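Trainee: Below is the sequence, then the predicted model.
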Amino acid sequence: MKREFNVILERDADGYFVASVPNLPGCHTQAKTLDELMERIREAIELCLEFEDEQQDSLDFIGIQRVVVEI
């Protein structure tokens, strides 16, 4: 069975790419290249799915909003 997930991709201050999956809490990884990142996030998703049955509440991904805060 195939499942699709939304993945948020970011780049940190050190130049590493970071991926996280909003529908799978705690499912994230990082890598130096995008190709390596995509391979790693697939592995992370597979591992998180092994424990999906233990998660009680599932959230539906709605979107991403940028928020500006003045400090």
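Mentor: Yep, that arrived. Only a predicted model underlies this, so the values are computations on that prediction, with no experimental measurement involved. Residues are numbered from 1 along each chain as shown.

Trainee: Name the residues linked to the residue sitting nearest the centre point of the chain by a beta bridge.
Mentor: For the chain, the residue nearest the mean C-alpha position is S20 (1.6 Å; C-alpha atoms, centre = their mean). In this entry, S20 is beta-bridged to I8, H28, by DSSP bridges.

Trainee: So for it, what's the pLDDT?
Mentor: In this model, S20 is scored at 96, pLDDT.

Trainee: In contact with it: list those residues for me.
Mentor: 7-8, 10, 27-28 (C-beta atoms under 8 Å, 6 or more residues apart in numbering). From N, CA and C alone the C-beta is placed, and that goes for glycine too.

Trainee: Now the host helix or strand of A44: buried residues?
Mentor: Using DSSP states H and E, A44 sits in helix 34-50. Residues of helix 34-50 classed as buried by neighbour count (16 or more other C-beta atoms under 10 Å): 37-38, 40-41, 44-45, 48.

Trainee: need those residues in a markdown table with distance to R66 and pLDDT, can you?
Mentor: Below are the buried residues of helix 34-50 laid out as a markdown table (distance: C-beta to C-beta, whole Å; pLDDT from 0 to 100):
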| residue | distance to R66 | pLDDT |
| --- | --- | --- |
| L37 | 22 | 96 |
| M38 | 24 | 96 |
| R40 | 26 | 97 |
| I41 | 22 | 96 |
| A44 | 25 | 96 |
| I45 | 25 | 95 |
| C48 | 26 | 91 |
